[in-house]
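> Quick one: sequence and predicted model below, then my questions.
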Amino acid sequence: MLDVKVLGPGCANCVKLENLVREVVSENNLSANIEKITDRNRFLDYGIMLTPGLVINGKVLSSGKIPTKSTLEHWLTDKK
């Protein structure tokens with residue numbers, strides 16, 4: 001099972017990234033635990049200074065931008 005964390009305070013881009021992650025997981029029938037982290041103090045635990053942030057299986061893959069859907073699919077299907 002994938003462990004996916006979307007880090008962000010709730011801004012439009014953070015919500016968009018979370019929705020995109022859920023869409024890719026659903027379309028590819030992936031088993032994933034998706035967690036939305038809004039606590040700014042926890043962002044620093046992952047070294048994320050710019051949101052939205054994306055952490056998959058403990059590895060920071062994106063910070064301060066929204067990856068394309070195809071990039072996100074690659075990251076998620078590569079990790080299963």
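Sure thing, it's come through.
> Let me see the contact set for residue 64.
Listed by C-beta atoms under 8 Å, 6 or more residues apart in numbering, the contact set of residue 64 reads 49-53. (Glycine included, C-beta is placed from N, CA and C.)
> What values do phi and psi take at the closest residue to residue 18 other than its chain neighbours?
Excluding the flanking residues, the one nearest residue 18 by C-beta to C-beta, 6 or more residues apart in numbering is residue 6, at 4.5 Å. Here is the backbone geometry of residue 6 (degrees, to the nearest 10): phi -110, psi 120.
> where are the low-confidence patches of this structure?
Along the chain, the model assigns pLDDT under 70 to residues 79-80.
> what's the longest helix in it?
As assigned by DSSP state H, the longest helix anywhere in the chain is helix 12-27.
> ok, and what's touching the helix or strand following that one?
Next along the chain after helix 12-27, taking DSSP states H and E as the criterion, comes strand 32-37. For strand 32-37, contacts defined as C-beta under 8 Å, 6+ apart pick out 1-8, 14, 18, 21-22, 25, 43, 76.
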